[in-house]
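Colleague: after the sequence you'll find the predicted model.
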Amino acid sequence: LGLVTNNKIVGYYSIAEKVIRIITSVFLPFTQAIYPNIVQLVKKSRHEATLRLKIIIKYTLFISISIWIIAFLLADPLFHVVFGNDVKYSIFIFKILSPLIFILPLAVILFNLTLLSFKMDAYFFKIYFSGAILNILLLIVFLYILKLSAIGAALSLLICELFLTIYAIVLLKNKNVKLF
């Protein structure tokens, strides 16, 4: 982003992305804490592990979508209070990135809890490599061809994270781990 725009735009983008990362990091301790339990459950019964993961996904999505709605609705006043008055562009970028508030916690469950627990870690590289290629292509289109600056970077990140999450869901379904 810094190659195609100025430091001010990079700063606006950085604020929005960091707020998203702070919000989504709330879910990490939970997933780290239950990982050993899921691993043991998979060894005992793949079916029971799948049922437990479905419950975890249900509650994670309920909580994260609730947080997303609140964050989206309160973004304007919160950004102004925390970051000052010159943050309209950061708020706009935040709202583009805001679906990551529920996509990223779901992705952590799919990747860290499910793929690893079900001994499918070989797919990690394939999925993330595909996501990296997609991100590079989207950034070329959004930043260099369409000249969308921070908006393009935000769209690229959102599309890539959504792609990775859907890819993991489809892979797991094809491997007979049906979480949805």
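Modeller: That came in fine, so what should we check first? The structure displayed is predicted, hence computed values, not measured ones.

Colleague: quick check, central residue of the protein?
Modeller: Leu104 (2.5 Å; Cα atoms, centre = their mean).

Colleague: which helix or strand contains that one?
Modeller: For Leu104, the host element (DSSP states H and E) is helix 100-108.

Colleague: which helices and strands sit right next to that helix?
Modeller: Helix 100-108 sits against helix 7-24, helix 28-44, helix 46-83, helix 149-174, with contacts defined as 3 or more Cβ pairs under 8 Å, 6 or more residues apart in numbering; DSSP states H and E. Glycine gets a C-beta too; all of them are placed from N, C-alpha and C.

Colleague: three-state assignment of Thr178?
Modeller: That one is not Thr; residue 178 is Lys. Judged by DSSP: H, G, I helix; E, B strand; the rest coil, the three-state class of Lys178 is coil.

Colleague: which ones are touching the residue nearest to the centre of the chain?
Modeller: Ile20, Thr24, Phe27, Glu161 (Cβ atoms under 8 Å, 6 or more residues apart in numbering).

Colleague: try 6 Å
Modeller: Taking Cβ atoms under 6 Å, 6 or more residues apart in numbering as the contact definition, Leu104 lies against Thr24.

Colleague: the residue lying closest to Glu161 once chain neighbours are set aside and Cys160, how far apart?
Modeller: Of all residues beyond its chain neighbours, the one nearest Glu161 is Ile103 (5.2 Å), with distances taken as Cβ to Cβ, 6 or more residues apart in numbering. As judged by Cβ to Cβ, to the nearest Å, Ile103 and Cys160 stand 10 Å apart.

Colleague: now the helix holding Leu104: average pLDDT?
Modeller: For helix 100-108, mean pLDDT is 98.

Colleague: how far off centre is it?
Modeller: For helix 100-108, the separation from the chain centroid amounts to 4 Å (computed by Cα atoms, centre = their mean, to the nearest Å).

Colleague: what's the angle from it to helix 7-24?
Modeller: Note on geometry: by axes from the mean of the first three to the mean of the last three Cα atoms, to 10 degrees, helix 100-108 and helix 7-24 are set 60 degrees apart in direction.

Colleague: once you drop chain neighbours, what's closest to Asn37?
Modeller: The nearest residue in space to Asn37 (Cβ to Cβ, 6+ apart) is Arg52, at 8.0 Å.

Colleague: pretty sure Ser90 contacts Tyr12?
Modeller: Yes: counting by Cβ atoms under 6 Å, Tyr12 is a contact partner of Ser90 at 4.5 Å.
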